[in-house]
Each structure stands twice: as structure tokens, then as C-alpha cells.
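In: Here is the input, now give the coordinates:
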Amino acid sequence: TYLPTRKNIAEEIIQNAIAAATEDYRFGPIQKRELSSLSYTVYILEKPELVKDIKELNPQKYGIIVKTTPITYPDGTDVVFNEFSIHFTSPRFNGHFVSKSALLLPDLAGIDTVEKQISITCRKGGIDPSKEKIIIYKFKVEKFEQ
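Out: Take a look at the predicted model:
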């Protein structure tokens with residue numbers, strides 16, 4: 001998850017580790033005998049910042065969150081993504097807004113361009129930016145490995 005659901009970071013890490021080990025639909029649950037052979041990485045995400053210009057992005061430095069957005073916000077403003085330019089006026093970050101979304105961490109092997117980062121993130125979230133309006137947030141991470 002990228003939004004806190006617990007009262008402190010320690011509880012957040014514990015609950016996310018348990019969920020990753022037991023509830024990830026892509027893999028079977030981790031078995032006790034596997035624990036000693038696993039490596040562990042924790043990413044602490046900084047507060048996401050709205051991307052106002054695609055030039056702000058750098059896939060080695062920033063992760064991104066791509067979200068679909070309604071055609072018009074209540075105040076009448078639009079969010080338009082077209083040819084890697086973004087035009088919008090937007091409210092503050094609201095990760096609880098009902099929409100499609102996806103997150104991609106920074107500095108991933110093989111993701112060396114902004115275009116590739118956005119494309120992969122959209123695909124991950126089932127988002128078609130040619131048919132759906134999107135908004136992009138960037139974030140930095142603090143990475144801990146064992």
C-alpha cells in the first residue's frame with residue numbers, strides 16, 4: 001500500500017510484510033521453511049507530489065502513481081494527458097478517490113525513460129491513457145534492504 005492505514009510506521013511495515021507474504025495473488029503464501037532464504041526490502045514512500053510538467057519526472061529518482069480521473073472535477077477543471085504533456089488544475093493528493101490507479105517504484109531495472117515508466121505503470125493499472133484522463137504523482141523512497 002502507499003497510503004497509511006495504521007497508527008505508526010512500525011505497524012504499517014508489519015502488516016504490509018504479512019500481506020505480502022500471505023496474500024499476494026501472484027504467488028503462493030510463503031512457507032516457514034522459505035524464510036531463511038528470502039531477502040527483504042522495505043520502501044518508505046515520501047508524500048506524493050502532483051506532477052505539473054512531464055519534465056519533472058526521472059525514473060531513477062522518482063516513483064510514480066498514475067490515477068484515472070473524472071472528465072471534470074466538481075469545480076469544472078479538467079485533467080488532460082496527451083502526448084506526454086499534462087494540463088490541469090487539481091486538488092491535493094487524495095489516494096482514496098475511487099479510480100483506477102497503479103504505482104511503480106523508482107530505479108527499476110530496464111525502466112530508463114519517463115515514457116516507459118508511464119506506459120508500464122498504466123499497463124499495470126489497466127489504464128489506457130489514450131482513452132482515459134489521468135493524473136500523475138511522483139514520490140521519492142527511502143529503501144532498506146537485508
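
In: State the pLDDT value of the spatially most central residue of the chain.
Out: Taking Cα atoms, centre = their mean as the criterion, residue 103 is the residue nearest the geometric centre of the chain, at 1.9 Å. With respect to pLDDT, residue 103 has a value of 96.

In: What residue spans form the domains of the protein?
Out: 1-38, 46-140 (automatic domain parsing).

In: So which of these is nearest residue 146?
Out: Ranking the domains of the chain by proximity to residue 146 (Cβ to Cβ) places domain 1-38 first, at 9.2 Å. Backbone N, C-alpha and C define where each C-beta goes, glycine included.

In: you'd agree the residue nearest to the centre of the chain is up against residue 65?
Out: Yes: using Cβ atoms under 8 Å, residue 103 is in contact with residue 65, at 4.9 Å.

In: Name the residues contacting each of these two.
Out: 2, 121 (Cβ atoms under 8 Å, 6 or more residues apart in numbering).

In: wait, residue 139 sits on residue 44?
Out: No: with contact defined as Cβ under 8 Å, residue 139 does not reach residue 44; the gap is 10.2 Å.

In: quick one: which of these two has more around it?
Out: Legend: neighbour count by other Cβ atoms under 10 Å for residue 139 and residue 44, higher for residue 139 (19 against 12).
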